[in-house]
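how would this look folded up:
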Amino acid sequence: MKKGFNLARVAPQVYHTMRVLQNYVNNTGLEKSLLELVKLRASYINGCAYCVDMHAKDARVLGETEQRIYTVPVWRETPFFTPRERAALAWTETITDISKGVSEQDYADAREHFEEKELAELTMAIVTINAWNRLAIPFHSEADVGSYMPAAAHV
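You can find the predicted model right below:
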């Protein structure tokens, strides 16, 4: 695949804006492991190989099991996720493929496990990873898939 360009170098304000969103998401009270599952699910749906690799590695650093990482795309068919995680994964699918709309049942299912503020934060996390995917895929990030190293691995 042809290499793209370095977004931070070519369009620093675009990159900065995305980092502001990501910093907000990172500092919500939502569980870090839950956020990685959400990032993985959206990235799997969107077909962003770089982001799948990144978030699988980040999830491992947080203690996530291989079994759960591998089954995120088929989470409905497994017993490996908590009810709260299942609600977050379902909400991720709803928001990622927003063209189908958000039914009253979708909202009720999410609200069963997330307070209003948490649901707003979860939605922002989903919006943010979808935006990263939509930047990484068309511009074919300069980084090769598989090259990402989690910050904890650099220590």
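
buried stuff in the helix or strand harbouring residue 130?
Element membership for residue 130 (DSSP states H and E) is helix 116-139. Neighbour counts using 16 or more other Cβ atoms under 10 Å place 118-119, 121-133, 135-137 of helix 116-139 among the buried residues. Using the backbone N, CA and C atoms, a C-beta is placed for each residue, glycine as well.

Likewise for stretch 100-116?
106, 109-110, 113-114.

and those, which of them are in helices?
Mapping those onto helices (DSSP state H) picks out 106, 109-110, 113.

Looking at pLDDT only, which of those residues scores worst?
Least confident entry in these, by pLDDT: residue 106, with 91.

That residue contacts residue 94, doesn't it?
Yes - applying Cβ atoms under 8 Å, one finds residue 106 in contact with residue 94, separated by 4.8 Å.

Let's see the pLDDT reported for the closest residue to residue 43 other than its chain neighbours.
Take residue 43 and drop its neighbours on the chain: the residue closest to it by Cβ to Cβ, 6 or more residues apart in numbering is residue 51, 3.8 Å away. Confidence at residue 51, expressed as pLDDT, is 93.

for residue 148, same thing?
70.

Pretty sure it sits against residue 49.
No - with contact defined as Cβ under 8 Å, residue 148 does not reach residue 49; the gap is 10.7 Å.
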